[in-house]
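In: Build the 3D model from these lines:
(4 chains, ligands or ions: 2)
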Amino acid sequence: MEKIYLDNNATTPVRKEVLEVMFDLYRGVPGNPSSIHFFGRQARGYVDEARRKVASTIGAEPSEIIFTGGGTEADNLAIQGIAFSRQEKGNHIITQATEHNAVLHVCRFLEEQGFEVTYLPVSREGLVDPAEVERSIRPETILITVMTANNETGVIQPVEEIGELARVHRVPFHTDAIQALGKIPFSVQALKPDLASFSAHKVYGPKGVGVLYIRSGTRVRPLVYGGHHEGGNRPGTENVAGIVGFGRACELAIDELETEGERLRLLRDRLRSGILEKIPNVKRNGAPDLLLPNTLNMSFEFVEGEGILLGLETEGIAASTGSACTSDEPEPSHVLSAMGVPGVLAQGSIRFSLGRENTRKEIDYTITILAGVVRRLREISPFHPEEGS
Amino acid sequence: MEKIYLDNNATTPVRKEVLEVMFDLYRGVPGNPSSIHFFGRQARGYVDEARRKVASTIGAEPSEIIFTGGGTEADNLAIQGIAFSRQEKGNHIITQATEHNAVLHVCRFLEEQGFEVTYLPVSREGLVDPAEVERSIRPETILITVMTANNETGVIQPVEEIGELARVHRVPFHTDAIQALGKIPFSVQALKPDLASFSAHKVYGPKGVGVLYIRSGTRVRPLVYGGHHEGGNRPGTENVAGIVGFGRACELAIDELETEGERLRLLRDRLRSGILEKIPNVKRNGAPDLLLPNTLNMSFEFVEGEGILLGLETEGIAASTGSACTSDEPEPSHVLSAMGVPGVLAQGSIRFSLGRENTRKEIDYTITILAGVVRRLREISPFHPEEGS
Amino acid sequence: MNIEAPYSDKVMDHFNNPRNVGEIEVPDGVGMVGNPVCGDVMKLYLKVKDDRITDVRFQTFGCGAAIAVGSMVTEMVKGKTLEEAIIISNKKVAEALDGLPPAKMHCSLLAEDALKAAIEEYRAKQEGMADVQSEHHQED
Amino acid sequence: MNIEAPYSDKVMDHFNNPRNVGEIEVPDGVGMVGNPVCGDVMKLYLKVKDDRITDVRFQTFGCGAAIAVGSMVTEMVKGKTLEEAIIISNKKVAEALDGLPPAKMHCSLLAEDALKAAIEEYRAKQEGMADVQSEHHQED
Ligand SMILES: Cc1ncc(COP(=O)(O)O)c(C=O)c1O
Ligand SMILES: Cc1ncc(COP(=O)(O)O)c(C=O)c1O
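Out: Ligands and ions are numbered 1, 2, ... in the order given. Below is the predicted model of the structure:
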């Protein structure tokens, strides 16, 4: 059975062109970039080239790009890094309720460390209100962190306004742009954040490589110590092949941003219309006009999400309930809860996140299968009005 | 020109068998191990299998293996992790002078955070005295960290005795075993450390993947936050291919440990004898009987190390002056200085670290070339007694 | 290699073709357990005659395991006496399904609990009726 | 791809075939600068006639760049007057070598400094001799 992968916000397959450069490198460049001999200089040359590619993708200077061991580490380096380096200036951080755990859990850790965190609410559409951000700013505010786009719903936040406010009030601004990269235009020239996080495996690059953009002049306290690597911000022998893979993935993502974005938007809209047409009692989650082009989050009344996923899986289709998380967390998605989606409905929510490899045929097949699965599960459900009353 | 790589302690080329499994994985397993669908479960299965392989290589339980983004991160997670999770118990840490920067720089950071660190001296041979470790233990000592084998000299520390002392005094014991893995037998059953660090790229695996062994029951404070991954000790989407590569590399290293260790020891001894025979005024660094089989560190009087390296490079040979570090650190090696090697002599020291790909022919060629380079540089040197007086 | 299947073939069979789905119009006992906000709810209906379960139906809002255990428990109790039925533990249900993943063992509790709740409801009604009957008797 | 060479061909040429290596038995001026513990030392010997450098030799303990700048500076000053020589900056030496990597620019200072030190030593000796001569004169 051909499998259909509709979980590209969780991770993307490494694309062929990226694999090629990575393997050429693995085979041909054995050096440590810190070594001064030719093997080392060759490795250094590749890392520098990748840094230039990532930088130019987001409109930054190469010196503003710090490679990390993933997106989670990039978020941590930004948030812990600013918090601990600015703790004499103040102890207040502003964020919002639908951030990824790589932001929320760091904030909770910082609360244990004596920082105060304001978690702003979002509207039913999933949006933060910039006016609320501004009202929350205090003299002791040392960081505002608001994601560019949400991983579960695809909702795009008003980060330009928030960034502008942050600048006016001279508060450093970080944005988790991990889901935005390669899906919508993103430029530090336009947005002017002080820090921004990225992750390779969301753009058809390898897992375990991230980037933190740090605006020149902004200082963060490192998470780890041990050497001069990445300007001392992230010591440790560089993951050369992974970094080079990220560089190549960025380059390709930018080349294809418009055409692929448009293709995905059409496919996604087709999936949405198909579902709404074939399946009653379905609710869409997230501001319809402010969504990543590839993401669709829908709640199916009366049924539970994992049951839907298993039904889809039986027919070879992989999607997800919210973010990639093991099922040992029985609470409904914190993102949908924050948007006011009632618990039962949140439990019946599915995220479809499309990617390069998806076709129209796959989408049409998914609609048909999904309709059958939901119908069958509703027949079993004690809550379904026709069946369960 | 065929190049000769004698810098395997800096990094090793990824071996073919490792590349194969990584490549297969990149092509075939697109999932995020946290996803519950088949793509995710497949990725999870591979990570679990690699974890079992690494665990069995060092005699640990799979649940005691935490994958990190490199050896530096593993050292940091161990040392910061213990320090911050035990800070109410005490604030004193014991380490020694020849540790890698991934340990020393963390200790310096912790000193800034109010911890007290004892840096024990080493003998001229590079060895820590376990009796001194014992004398340094105080009621408020919360961690002892001593490396298993040194990266610059190959000196193997008396970690069994130190570990035994640590146990008697109930102080957690960490060892940086990054250079030991795959070169000498290493088992947590024999050594019984509470924590031990490893890095894939030192055993023909990929860069950017490390392991921290954490004895069951030992708690560390994480460096980053954001999810349940690696038991919450190291959140972030797993570098699946890198982890699988590390697992395979461990398996192969253990299979070949004895034969390859013996082969390297013979080659290394051949290099040493050849140098001592052909080049006058050379000093060996490090306890001759307590060395990694692949490592040779020698000081060439009257000449400077980088000049030697450039001379070797001209003939296609890559070695290093001490650890892989860019030349913006003009101080002589902290390792050799700690061993009492005078500054001028330390400046003339070269580390040869052999690996799987080196042959006898390469060693013989290296001896000849090296003799010529050193002779030529001595002719230029103002310090050489024959030429410079 | 190992795409470990999440569930046994038996679980998948019961998920794909659940037995005894639905309601009983006039049940003798009904049990409903779980909390939809946490993900799983099971409702179980019994028809009882002479202390023996003559018919049983279930409905589940929940994951694949929760559906399969509902289906399986109905198969296991049909025709059994209430004494035999009430000692069916969640482990036995899981075993009958050739096991469940550790993270899903809690789902099997749903089946045990829903069954117990239904039997208890039946018994409570019986006692109530017995009381009513004995009251009637006294009145007579 | 780009194994960026660490050094220009010219640096490598001067490293591999350094010109004017060695000592001058009875030099008119000697300069020695640097610190071996930090990695680089240069010693430069001058022979001077009528304020013109007629011979020059150098010795270096140091990296490739340190050796090349020593070699290059000797080539640059030979035959020059002291006035012409003393204004040779480290940048000019580096330029003559087709550049040095940024991390190695400090090595070119060694050459400038050693040359200056040698010229100064020569001048100091000259002044000393002049003093001695004038003293002699007075005694006469
Ligand atoms: C919005 C967002 N932030 C952070 C992360 C974490 O990145 P990584 O998986 O590279 O650790 C993810 C994805 O997992 C994400 O979607
Ligand atoms: C002894 C020792 N510790 C720590 C490290 C750091 O490991 P990594 O390069 O994986 O960050 C190294 C090598 O670089 C090492 O040799």
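In: for residue 107, what are its contacts?
Out: Using chain A here. Contacts for residue A:107 (C-beta atoms under 8 Å, 6 or more residues apart in numbering or on different chains) come out as A:79, A:93, A:95, A:99, A:115, A:117, A:119, A:145. Quick note: C-beta positions are derived from backbone N, CA and C, even for glycine.
In: Actually, chain C is the one I wanted.
Out: So residue C:107 contacts C:40, C:62-63, C:65-66, C:69, C:100 (C-beta under 8 Å, 6+ apart).
In: Would you write a ChimeraX line that selects the buried entries of the contacts of residue A:107?
Out: Selecting only the buried entries of the contacts of residue A:107 in ChimeraX, with 16 or more other C-beta atoms under 10 Å in any protein chain shown as the criterion:
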select /A:79,93,95,99,115,117,119,145
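In: how about the contacts of residue A:107, which pair is most distant?
Out: A:99 and A:115 (15.3 Å; C-beta to C-beta).
In: between the helix or strand that contains residue A:84 and helix B:71-85, how big is the angle?
Out: Secondary structure from DSSP states H and E places residue A:84 in helix A:71-85. Orientation check (axes from the mean of the first three to the mean of the last three C-alpha atoms, to 10 degrees): helix A:71-85 against helix B:71-85 gives 50 degrees.
In: Direction included, what does the helix or strand just after helix A:71-85 pair up with?
Out: Using DSSP H and E, the helix or strand that follows helix A:71-85 towards the C-terminus is strand A:92-96. Sheet pairing here is set by DSSP bridges, and for strand A:92-96 it gives strand A:116-120 (parallel), strand A:141-145 (parallel).
In: In PDB, could you pull the C-alpha coordinates for the helix or strand following the last one?
Out: For strand A:141-145, the succeeding helix or strand toward the C-terminus, using DSSP H and E, is helix A:159-168. Once non-C-alpha atoms are left out, helix A:159-168 reads as follows in PDB (Å, rounded to 0.1, in the frame of the first residue of the first chain):
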ATOM      1  CA  VAL A 159       4.400  39.600  14.400                       C
ATOM      2  CA  GLU A 160       5.200  42.700  12.400                       C
ATOM      3  CA  GLU A 161       3.100  44.900  14.700                       C
ATOM      4  CA  ILE A 162       4.300  43.100  17.800                       C
ATOM      5  CA  GLY A 163       7.900  43.500  16.700                       C
ATOM      6  CA  GLU A 164       7.300  47.200  16.000                       C
ATOM      7  CA  LEU A 165       5.900  47.700  19.500                       C
ATOM      8  CA  ALA A 166       8.800  45.800  21.000                       C
ATOM      9  CA  ARG A 167      11.200  48.200  19.200                       C
ATOM     10  CA  VAL A 168       9.300  51.300  20.300                       C
END
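In: what's the spacing between the closest residue to residue A:119 other than its chain neighbours and chain D?
Out: Nearest non-adjacent residue to residue A:119, counting by C-beta to C-beta, 6 or more residues apart in numbering or on different chains: residue A:97, 5.2 Å away. For residue A:97, the distance to chain D (C-beta to the nearest C-beta, to the nearest Å) stands at 46 Å.
In: Tell me which stretches of the chain form helices.
Out: Unless you meant another one, I'm taking chain A. A:16-28, A:38-58, A:71-85, A:101-112, A:130-136, A:159-168, A:188-191, A:240-278, A:305-314, A:334-338, A:343-347, A:360-380, A:385-388 (DSSP state H).
In: wrong one, I was asking about chain C
Out: C:9-16, C:64-77, C:82-86, C:90-96, C:105-139.
In: give the contact list for the most centrally placed residue in chain C.
Out: With distances taken as C-alpha atoms, centre = their mean, residue C:115 lies nearest the centre of chain C, 3.7 Å away. If you count contacts by C-beta under 8 Å, 6+ apart, residue C:115 has them with C:31, C:44, C:73, C:77, C:85-86, C:88.
In: Specify which member of the residues you listed is nearest to ligand 2.
Out: residue C:73 (52.4 Å; C-beta to the nearest ligand atom).
In: Pretty sure the closest one sits against residue C:33.
Out: No - applying C-beta atoms under 8 Å, one finds residue C:73 not in contact with residue C:33, separated by 11.9 Å.
In: hey, what's in contact with both of those two?
Out: With C-beta under 8 Å, 6+ apart, residue C:73 and residue C:33 have common neighbours residue C:114.
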